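>>> Quick one, fold the following:
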Amino acid sequence: MRAYIGVTASEIQEFLQSGEFDVSDAYAATPTFISSNSDLDEEEVEYTLSLIAAEDAVELLGSAVGTACVLALEVPESNIEAEHELSISLSAPLLWDYVQCCFEVSADGQELTWFATQEIASNLATWLS
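Below you'll find the model as predicted:
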């Protein structure tokens, strides 16, 4: 299932170095969310969830130096403990291999710039400053 988490650039650095990231919940296109938002197509559902995660990322960053980001991940069903309206509870840490892409979040949390997984490491120094 595609899931989204709001993170800071330093958390991405730790995730990249350790290969795993322990988080209890992630935003996801659950059946309940999709049926409650039946007017949205798949791309709009994913964008909406990305923006919700972006708000979390901006909040996490606070006044610290660095960049707020959103990671999109493909979470295996075996790692999903429960599904909620717009999120999933996870039964195990996320692995770096699940990461599909990264969005750099603008300061106001309203604009997302997409980066492929292979571009994350090369942009990390910029995001950390």
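
>>> Low-confidence stretches in the chain?
Judged against pLDDT under 70, the chain has no low-scoring part.

>>> would you list every one of the strands in it?
All strands of the chain, identified by DSSP state E, fall at 2-8, 20-21, 25-28, 68-74, 80-83, 87-90, 94-95, 99-105, 112-116.

>>> Quick check: which of the ones you listed is nearest to residue 51?
The minimum distance between residue 51 and the strands of the chain falls on strand 112-116, with 7.3 Å, by C-beta to C-beta. Every C-beta, even on glycine, is put in place using the N, C-alpha and C of the backbone.

>>> who's in contact with the top helix by length along the chain?
Taking DSSP state H as the criterion, the chain has its longest helix at helix 42-61. With contact meaning C-beta atoms under 8 Å, 6 or more residues apart in numbering, helix 42-61 is reached by 2, 4-8, 11, 27-29, 33-34, 37, 40, 67-70, 72, 86, 103, 105, 107-110, 112.

>>> before we move on, what about stretch 118-129?
In contact with stretch 118-129 (C-beta under 8 Å, 6+ apart) are residues 9-10, 12-13, 16, 65-67, 69, 99, 102, 104, 115.

>>> so how far is that stretch from its chain's centroid?
When C-alpha coordinates are averaged (C-alpha atoms, centre = their mean, to the nearest Å), stretch 118-129 and its chain have centres 16 Å apart.

>>> Only the C-alpha atoms, please, for that stretch, written as CSV.
The C-alpha trace of stretch 118-129 is given here as CSV (Å, rounded to 0.1, in the frame of the first residue of the first chain):
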residue,chain,number,x,y,z
GLN,A,118,18.2,7.8,-6.5
GLU,A,119,18.3,11.7,-6.2
ILE,A,120,17.8,11.8,-2.4
ALA,A,121,21.4,11.2,-1.3
SER,A,122,22.8,13.8,-3.7
ASN,A,123,20.3,16.4,-2.5
LEU,A,124,20.6,15.7,1.2
ALA,A,125,23.4,18.1,1.9
THR,A,126,21.3,21.0,0.4
TRP,A,127,18.3,19.9,2.4
LEU,A,128,20.3,19.8,5.6
SER,A,129,21.5,23.4,5.3
